[in-house]
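In: after the sequence you'll find the predicted model.
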Amino acid sequence: MELLVAAAIGLTTATGLYMMLRGSTFPVIVGLTFLSYAVNVFLFAMGRLAANRAPIVGTVPDPVDPLPQALVLTAIVISFGMTALIVVLALRGFLETGSDAVDLDRGDADDEDDDLDDAAPDPAPDATTASERAIRFFRDGAGPDEPEADPGRGPAPARPVPSEGRP
Amino acid sequence: MTVVLIALLPIFGAVLPLLAAPSGRSRATAVTFAVTAASLFLLLAQAPAVLGGATVAGGSAWLPDIGLGFTFLIDGLGLFFAGIILTIGLLIVVYAGFYLGRDDDPGRFFCFLLLFQGAMLGVVLSDNILLLAIFWELTSLTSFLLIGFWHHRPEGRQGARMALIVTGSGGLALLAGMLLLGQAAGSYELSEILTRVDQVRASPLFGPILALVLAGAFTKSAQFPVHFWLPHAMAAPTPVSAYLHSATMVKAGLFLMLRLWPLFAGTEAWFLVVSGTGLATMVIAARIALAKDDLKAILAYSTVSHLGLITFLIGLGTRAAVVAAVFHIFNHAAFKAALFMTAGIVDHETGTRDIRRLGGLARLMPVTAVIGTVAAAAMAGVPLLNGFLSKEMMLEAAAGTSYLGNPWIVAAVATLAALYSVAYALRFVHATFFGRSRLMPGGHPHDPPAGMWLPAALLVTLSVAVGVLPQVIAGDLVAATAAAVTGPQGPAPEVHLALWHGVTAALSLSLVAFAGGAARYALSGWVDRFWPRDPIPDAKALFDAALAGLVGAARFVTDRIHTGTLQRALSATVLAILAVGAAAFAGSGHAAGTRPPLPPDPATIAGVLALAGATLAVPLMHRDRLLALMLTAVAGLAVSLLFLRFSAPDLALTQIAVEVVAGLLLLLVLNLLPKTSPAEPSRLRLMRDAALAGLGGIAVAGLAYAVMTRDGSSIAAFHLAESKPLGGGTNVVNVILVDFRGFDTFGEIIVLGIAALVVVALLDTALRGRAARRLDRMRRTPAGGDRHPLLLAMATRVLLPLALATGLFIFLRGHNLPGGGFVAGLVVAIAILMQSMANGYAWTAGRMTLDAHALIGAGVLIAGATGLAALAFGAPFLTSSFGHFHLPLVGDIELASAMGFDLGVFLTVVGVVLLALSRIARIEARAEDRRPNRGAIAEPATEDGGR
């Protein structure tokens, strides 16, 4: 029986890992779900397997270790919260970019419908990365009144405010 | 208790200026003054006892396990420093009340000032050295806020940041030093540590302790070569400069060295490092001060120089030098604060602090000129003023000291520093108040209102009084302080402050300094031609370059690691974990354990086969996303059956409920996402990923098998034995969740609540901009016929009460039988969701008056309140209690307070699920409400779903 459960844990882990290495969001989420299964059963198995010895005081003479069960119960609920969050993140990402690729170098390929931007010009992608902004901050403070002329990159383009796009 | 109040009063009082500020600057000034005065009053009430030699202690334990105590003490040294902090504080408050401009927010300023004052008092009054380190950091933080008070000015922000980085890193070093010191001494209480001098000195940690403590002290007190932050901190408003950067904060390093003086003084390392650094700082800063043109820069470098002087004295390690150091701290606080106020007045009146544009102010501002001149004379060490006395004592000590076998170098360097100090004091006075009158940007300068010059005048009067009658005015205070510094071991230091000691070596050196200083100033035009004015490289440029280098290195590393591809990052992570595991595996035995296995039975085999089949099918067929989702659900179902089979009914219930909710969620989202995944570009990549995943799976399976076939020890016995007696329930898993590990659960429901709020944030904003336009373009045709089949709608309506009752039942029995808040919450949420599915989101939302946000909030609050209720009965947070109650008719029932906690869990879970799914449904509605034909029952959905 232990061998069966160990094999099940191994299989779910392998599927979870494989799916998480895919290139678009939905398979990654499925992979995450499988990995959660694997981790939960693994943690649960750390309390050792036992049949008909549920940890209810007074019902069986020798109940099984309840602590891994309590930990896994929390883990199941937390995984649900995580899945909800990440799936919504994926949805929002798709709605914004039209692509559900997880990689920066393959994503952002907006589909052909350029007229998505009919109401407002597409905000130019902000050239400043987080690290550049950090450098700017550390060099001279992040004051709104102090636009820093950076010879290499030029000033950060101001983001036009996207208008309410309800045609 | 009074001792604690002295430090805490300003910290808690810091809110008062904020409250008073709307009714005017003078009101804010007044409350700040009152708070400071109250604290000073409490301090002075202790003064007679402390001056008599007693030590007043107070406070309470905080985290005794790690040696952190909330303990304070006042001895002579603490009284001395706290007295300076509060007295100068009072004067600064008055001065600042007049100084602040119309655009400066007095509430914010005085709030920061009081916070700083409290932190500073904490530093000098702490008994526990960890508490001291905490207050030390607080002074760094509050001084950051004060230096950057004019945050619209770049130099203010840069100066504040530099000060924070330098003093903050020094604070970290100090914390490390304090931890080591506590280990070496076996106690974290100063009063204990100072009695264990021999033990600390014998410890192998002595060297590191000395180095780390000095790193903290030197950075705070701006000693060479980390002196450069102090001049840049002068971008602060002048009251801040006068208070923090001359009288108090920069003295914290000196305080620390004095506080720990008995531990270190007399050792060779202490003498060489501390005296050497002090001497170097003294002369280098004095030389730079002479080359500066900004009044405040002159004063800043002069302050650095004087701090060096005191550091030098502390490093000598003799009792006479301690007396001189204490006395000079007192004198310097008086005249330097007065000088800063003078500089502030000049700046205020003329609009400039540039010495090259000033001149002849004595006629226009006679009062200010007198104050400034006398204070500068004290700084130069002119007789009959306090600076003269302590400088004589310093020169006397220097004349008798040989450094590294050289008997005259100390005296020579000290005299040179004194010479420069005379020269820059002369320049300060002469170029500002005398000489040719110039046109100044501020128009016609004149003496400010009395409130602005009176504080400076008081300080100058004190300087003169001490200069004339030193023993009468300062003798007792200096004696008590010096005695507290040197500690009970050995004789108390002799204090004899007098104006005239006869013709001594010090007097000759003093005369040399005066003559040389005057000559140096007179000839400065000539000297400057041969010696560039800035002989030392600009420390700020070096600092900026170092910082930019650090940031550049960090960016280089970040850019290498964070390449923007999730796949590469995940592969690297998996590989790394596999490598670590393989290394551990290779180095140990591989045999399976000997625990007797459970015999397999057909039902379990079937369950595992179902799980294996679904799991294996997913990688092969996942490109059809709906199919992948179905297979996932099969796997989840099999997992919950496994839980049930192996004695975990609670897990099985939770898993299956979560399975339903998560499945609904994924279905709803998939509705808006592409239905198929794109084909993978490279076969090689697939093989590689499969190999990685396979290796990972084998590793985890082997690990699990190895553990399951061995016996292990567990803390289960405690939980099983105490579940009923302590927690009042027989379902041990539930008792662990709501009682033994209730804090975990409390954190967990908060995390869930936050996750739901993030979902709301992500989706509510998706109704605008590009996302909304894309939604509007999605014209999807329904796959089936009727969106809301009548049969389903009617069935769910009938089932609703039944489902709610089931939820209630599971909730109530949870403490003793499988069930509980999590499962019950999920069941109830599913019941309500079914209504949405069957009847349409808008229909359900219109009939549901529950606000999901409020549910989450109420859940967390109820759980927290249940935990807090235990505190009211004197038990730790989340201690549960239970009892039997007898109700008429119903009979004997048992109620546990954990039930309240579980109710909180229940409400949070319901709220989270409903909130997350309702927001997704709202997005769906946005995509769908353009279709003409709606379901049979659904009512017209408005934009936000009929709410």
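Out: Here it is on my side, so go on. Being a predicted model, the structure only gives us computed values, none of them experimental.
In: rest of the way, CA atoms for contacts and neighbours
Out: Will do.
In: what about chain B, any weak spots by pLDDT?
Out: Counting by pLDDT under 70, chain B contains low-confidence residues at B:1, B:439-443, B:529-537, B:779-787, B:883-895, B:927-947.
In: contact partners for B:V326?
Out: By CA atoms under 8 Å, 6 or more residues apart in numbering or on different chains, B:V326 lies in contact with B:478, B:481-482.
In: how far away is it from chain A?
Out: Noted for B:V326: a distance of 38 Å to chain A, by CA to the nearest CA, to the nearest Å.
In: name the SS class of that residue, please.
Out: Per DSSP: H, G, I helix; E, B strand; the rest coil, the secondary structure class of B:V326 is helix.
In: number of nearby residues for the closest residue to A:L17 other than its chain neighbours?
Out: Excluding the flanking residues, the one nearest A:L17 by CA to CA, 6 or more residues apart in numbering or on different chains is B:A693, at 5.1 Å. Counted by other CA atoms under 10 Å in any protein chain shown, the residues lying close to B:A693 total 27.
In: what's the helix or strand for B:A693?
Out: According to DSSP states H and E, B:A693 maps onto helix B:683-708.
In: and for the residue in the stretch 251-400 of chain B that chain A sits nearest to, the neighbour number?
Out: Closest approach between the stretch 251-400 of chain B and chain A, counting by CA to the nearest CA: B:A297, at 20.8 Å. B:A297: 23 surrounding residues under other CA under 10 Å.
In: coming back round to it: now restrict the contacts of B:V326 to buried residues only.
Out: Buried residues within the contacts of B:V326, counting neighbours by 16 or more other CA atoms under 10 Å in any protein chain shown: B:478, B:481-482.
In: closest to B:D650 among those?
Out: B:T481 (67.5 Å; CA to CA).
In: phi and psi next, for that closest one.
Out: Backbone geometry at B:T481, expressed as degrees, to the nearest 10, gives phi -70, psi -50.
In: can you check A:I56 too?
Out: Phi and psi for A:I56, reported as degrees, to the nearest 10, are phi -110, psi 120.
In: I'd assumed B:N816 was in contact with it.
Out: Yes. Counting by CA atoms under 8 Å, B:N816 is a contact partner of A:I56 at 7.3 Å.
In: need the overlap of contacts for these two.
Out: Here A:I56 and B:N816 have B:730-732 as joint contacts, going by CA under 8 Å, 6+ apart.
In: need the residues of the stretch 451-600 of chain B near chain A, please.
Out: Residues of the stretch 451-600 of chain B that fall close to chain A, judged by CA under 8 Å from any CA of the partner chain: B:544, B:547-548, B:551-552, B:555, B:564-567, B:570-571, B:597-600.
In: excluding its backbone neighbours, what's nearest B:S187?
Out: Closest residue to B:S187 apart from its sequence neighbours, by CA to CA, 6+ apart: B:I193 at 6.2 Å.
In: how distant is stretch B:458-469 from the center of its chain?
Out: Averaging C-alpha positions (CA atoms, centre = their mean, to the nearest Å) puts stretch B:458-469 41 Å from its chain's average.
In: picking that back up, closest to chain A among the contacts of B:V326?
Out: Checking the contacts of B:V326 against chain A with CA to the nearest CA, the nearest one is B:T481 at 42.0 Å.
In: and chain A, what are its domains?
Out: Chain A breaks down by automatic domain parsing into domains covering A:2-97, A:123-158.
In: any idea which of those domains is most buried?
Out: domain A:2-97 (a mean of 23; mean count of other CA atoms under 10 Å in any protein chain shown).
In: average pLDDT for that one?
Out: Averaging pLDDT along domain A:2-97 gives 91.
In: distance from stretch B:762-782 to the middle of the chain?
Out: 41 Å.
In: between the contacts of B:V326, which is nearest B:L210?
Out: Nearest to B:L210 among the contacts of B:V326: B:A482, at 21.4 Å, using CA to CA.
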